[in-house]
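Participant: Here is my input, please return the structure:
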Amino acid sequence: KTALLPSYETSTHLFVHACVLPHLPLEEQPDDVLYWQPFDEWFVPHHSGKQLICGHKSQKNGLPFFRPGGICIDTWAHGEGWLTCLDINTGTYWQTNERRERRKDTVDISN
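Facilitator: Sure, this is the predicted structure:
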């Protein structure tokens with residue numbers, strides 16, 4: 001399959017561009033939420049108990065934004081920030097920027 005998907009689900013994680021409504025199954029999520037609703041301090045974990053991995057809301061401090069039940073890895077690569085890659089199994093993330101700087105850190109990803 002070569003088409004872009006609006007979301008992807010595993011047995012432990014939900015992957016979307018922006019956010020999800022906590023009470024709806026992934027396949028019933030409205031497109032405007034999947035693509036545009038910001039992941040912020042008001043995020044409520046998904047009813048499935050699966051951890052959300054998302055982007056869309058740039059973290060201009062360059063660090064992933066962690067909330068119980070979710071992680072935003074948009075670290076402003078399109079601006080002057082960092083491009084982030086997260087290992088969802090270990091919590092290790094790697095970052096690089098346009099100045100060719102690199103950094104690595106590990107965070108607690110338990111819900």
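Participant: how about the helices in the chain?
Facilitator: Secondary structure of the chain (DSSP state H): helices at 31-36.
Participant: Tell me who's in contact with the nearest residue to Cys85 once chain neighbours are set aside.
Facilitator: Closest residue to Cys85 apart from its sequence neighbours, by C-beta to C-beta, 6 or more residues apart in numbering: Trp94 at 4.9 Å. (Each C-beta comes from the backbone N, C-alpha and C, glycine too.) Contacts for Trp94 (C-beta atoms under 8 Å, 6 or more residues apart in numbering) come out as Thr84, Cys85, Arg102, Arg103, Lys104.
Participant: how much space is there between Cys54 and Glu101?
Facilitator: 24 Å (C-beta to C-beta, to the nearest Å).
Participant: Kindly apply the preceding question to Leu86 instead.
Facilitator: 18 Å.
Participant: So those two - more neighbours on which side?
Facilitator: Higher neighbour count among Leu86 and Glu101: Leu86, with 17 against 9, using other C-beta atoms under 10 Å.
Participant: didn't the more buried one look like it was pressed against Gly55?
Facilitator: No: contact criterion C-beta atoms under 8 Å: Leu86 and Gly55 do not qualify, at 10.7 Å.
Participant: what is in contact with the two at once?
Facilitator: What both Leu86 and Gly55 touch, as defined by C-beta under 8 Å, 6+ apart, is the set Ile73.
Participant: Quick check: the residue of the chain most remote from its centre vs Leu86, distance?
Facilitator: Centroid-distance maximum for the chain: Arg99 at 23.7 Å, with C-alpha atoms, centre = their mean. Counting by C-beta to C-beta, the separation of Arg99 from Leu86 is 21 Å.
Participant: One more: Leu26?
Facilitator: 19 Å.
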